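**Q** Structure, please.
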Amino acid sequence: MKRRAPLRRTAGPRRQKPLRARRVHRVVAGHGQTHVAEALRRLVFARDEGQCQLCGTGCTPLTLQHRAPRGMGGSRHRNTAENLIVLCGDGTTGCHGRVEHNRDWARARGFLVPMGIDPADWPVFRFLDRWEQPSADGWAPAARADGQLLPDDEKGAR
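**A** Reported below is the predicted structural model:
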């Protein structure tokens, strides 16, 4: 077969733009850190005996709840045993969802900590049965703090 027209010269392979160095933001420990260390995660799950601290079940998924919310300006209590508890659900379902959607109810029972208060000073109404204070060593009986509901004043979202 004979060509009718000569081959046309086309552009060669596309040249790629040279890579430019990007500005890298250094992450300082404690700032912007949302990951809970595996050792702390294991400690909290062991302390809470692998069950939800609100309803008492061991159903899955079980997740960690930050009692002083991470989005409240970078609490220095972000990833401490006193600030973490185990709840069932994932933030939109189960007890974790209940805490996130009924924040005043959860705050009065210690599942959330008001801004400016140390989680070590704000006990939890565990299993909606008794006031206790979480720590790295376990749970200790505690009296309710000012602003928390009395155990017999069990009103609120269910």
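**Q** drop to CA atoms for contacts and neighbour counts, all remaining ones
**A** Will do.
**Q** And T92, its phi and psi?
**A** The main-chain torsion angles of T92 are listed as degrees, to the nearest 10 and equal phi -120, psi -10.
**Q** please renumber so the chain begins at 327
**A** From this message on, residue numbering opens at 327, which makes the last subject T418.
**Q** measure it to G442 for me?
**A** 26 Å (C-alpha to C-alpha, to the nearest Å).
**Q** Looking at these two, which one has more neighbours?
**A** With neighbours defined as other C-alpha atoms under 10 Å, T418 and G442 compare such that T418 has more, 12 against 9.
**Q** from memory that one sits against T389, does it?
**A** No: T418 is not in contact with T389 according to C-alpha atoms under 8 Å; the separation is 11.4 Å.
**Q** Where does the prediction get shaky in the chain?
**A** 338-360, 397-403, 476-484 (pLDDT under 70).
**Q** got the residue ranges for the strands in the protein?
**A** Counting by DSSP state E, the chain has these strands, from start to end: 388-392, 410-414, 450-452, 456-461, 464-467.
**Q** how about those strands in TSV, adding mean neighbour count and distance to R435?
**A** Below are the strands of the chain laid out as TSV (neighbours: other C-alpha atoms under 10 Å; distance: least, C-alpha to C-alpha, whole Å):
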stretch	mean neighbour count	distance to R435
strand 388-392	21	14
strand 410-414	28	13
strand 450-452	26	5
strand 456-461	20	9
strand 464-467	14	14
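**Q** Quick one: closest of the ones you listed to A434.
**A** Closest approach to A434 among those (C-alpha to C-alpha): strand 450-452, 8.7 Å.
**Q** And the closest one, what does it pack against?
**A** With contacts defined as 3 or more C-alpha pairs under 8 Å, 6 or more residues apart in numbering; DSSP states H and E, strand 450-452 has these neighbours: strand 456-461.
**Q** Pairing partners for the strand it packs on, with directions?
**A** strand 450-452 (antiparallel), strand 464-467 (antiparallel) (DSSP bridges).
**Q** Of the ones you listed, which is nearest A407?
**A** When the strands paired with strand 456-461 are compared by C-alpha to C-alpha, strand 464-467 sits nearest A407, at 9.1 Å.
**Q** And the contacts of that closest one?
**A** Residues outside strand 464-467 that contact it (C-alpha atoms under 8 Å, 6 or more residues apart in numbering) are 373-374, 456-460.
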